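Peer 1: Using only what follows, build the 3D model:
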Amino acid sequence: MFSTSWQNDQTPQAVGLYMNQKGVKTAFLMGPNYAAGKDMLAGVARTFKGQVIGQELTRWPDQLDFSAELSKARAAKPDAIFAFYPGGPGIQFITQYAQSGLKGQIPLYTAFVIDELSLPRLKDLALGIPGAQEWVNDLPNPVNKKFVADYKAKYKSAPSFYGAQTYDAVALLDAAVKAVKGDLTKKDEMRKEVEKANFPSVRGKFKYGNNHIPIQNFYLQEAVKQGDDYVLKTVATIVENNQDSFHDKCPMK
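Peer 2: Model (predicted):
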């Protein structure tokens, strides 16, 4: 198994580090009650140095009303709220967070809520809400510039990180197939080639840890309005060459 994405705790861990940088002392965590939701909240808690004063795991995937949980967050009076709600529930959550008046009262930090799929629907509601990701459209390396330009030309929209990770996966497999001159029976040679991660990545630097999870940067991203468009921009690098927290438990060395 080789991943071109991330270990599930890594992105929220980057958010926790950024919350530390912002001087957040108390936080209220919210996410859906399934494996990924639990991973996200655990990831934030792993790196956040302040106090988690409340946590809500909501029904998944059918709960789209978060008013009760937002009321609990308001009552707890944290310095910040962290939320993980991907897809449609994320759009609902951000909308209700704004409608409740909390957007002007308690800062929100997110992972996998605001992306190129949800941003065209959220628009102004997404502004001023930071998140973290291992790839953003505007990373300045040549491979990424070409990928983004080609994608926009073909699909008339900006690619998401899902597309970027898949693009890397194809380039990675291409490198392995070329290394064995198309002879896919040479599994060990292919495996060794993939471990080298010797391919042109949209992320620029890319290498594998012992457990075949990428060691990579995580960036602070924020939504901005450019004319009539809403785009995600890289604000800063939160952590460089981040390796997942569980690699030392892998028997592969």
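
Peer 1: Give the buried residues for the longest helix anywhere in the chain.
Peer 2: As assigned by DSSP state H, the longest helix anywhere in the chain is helix 161-179. Applying a neighbour-count criterion of 16 or more other Cβ atoms under 10 Å, one finds 161, 163-165, 167-168, 171-173, 175-176, 179 buried in helix 161-179. (Each C-beta comes from the backbone N, C-alpha and C, glycine too.)

Peer 1: Just name whatever secondary elements it is in contact with.
Peer 2: helix 142-155, helix 187-196 (3 or more Cβ pairs under 8 Å, 6 or more residues apart in numbering; DSSP states H and E).

Peer 1: re the thing from before, can you redo the buried residues of helix 161-179 as TSV with pLDDT and distance to A132?
Peer 2: Below are those laid out as TSV (pLDDT from 0 to 100; distance: Cβ to Cβ, whole Å):
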residue	pLDDT	distance to A132
F161	96	11
G163	96	18
A164	98	15
Q165	97	15
Y167	97	20
D168	98	18
A171	97	24
L172	97	23
L173	97	27
A175	96	28
A176	97	30
A179	96	33
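
Peer 1: Just the mean pLDDT for stretch 195-211, thanks.
Peer 2: Averaging pLDDT along stretch 195-211 yields 95.

Peer 1: so how far is it off the chain centroid?
Peer 2: Computed by Cα atoms, centre = their mean, to the nearest Å, the chain-centroid distance of stretch 195-211 equals 18 Å.

Peer 1: Next, the buried residues of that stretch.
Peer 2: Buried, per 16+ other Cβ under 10 Å, within stretch 195-211: 197, 199-203, 206, 208-209, 211.

Peer 1: from those residues, which ones fall inside strands?
Peer 2: Among the buried residues of stretch 195-211, DSSP state E puts Y208 in strands.

Peer 1: what about N241, which helix or strand?
Peer 2: strand 229-242 (DSSP states H and E).

Peer 1: angle of that strand against helix 161-179?
Peer 2: 50 degrees (axes from the mean of the first three to the mean of the last three Cα atoms, to 10 degrees).

Peer 1: Pull the number of nearby residues for the nearest residue to Y85 once chain neighbours are set aside.
Peer 2: Spatial nearest neighbour of Y85, chain neighbours left out: F93 (4.5 Å); criterion: Cβ to Cβ, 6 or more residues apart in numbering. The burial count assigned to F93 is 26, neighbours taken as other Cβ atoms under 10 Å.

Peer 1: what do you get for the one 4 residues further on?
Peer 2: Other residues near Y97 come to 23 when the count uses other Cβ under 10 Å.

Peer 1: Quick check: the gap between it and A36.
Peer 2: Note on Y97: its distance to A36, by Cβ to Cβ, to the nearest Å, is 20 Å.

Peer 1: ok, which stretches of this protein are helices?
Peer 2: Under DSSP H, the chain gives helices at 10-21, 35-47, 67-76, 87-99, 119-122, 142-155, 161-179, 187-196.
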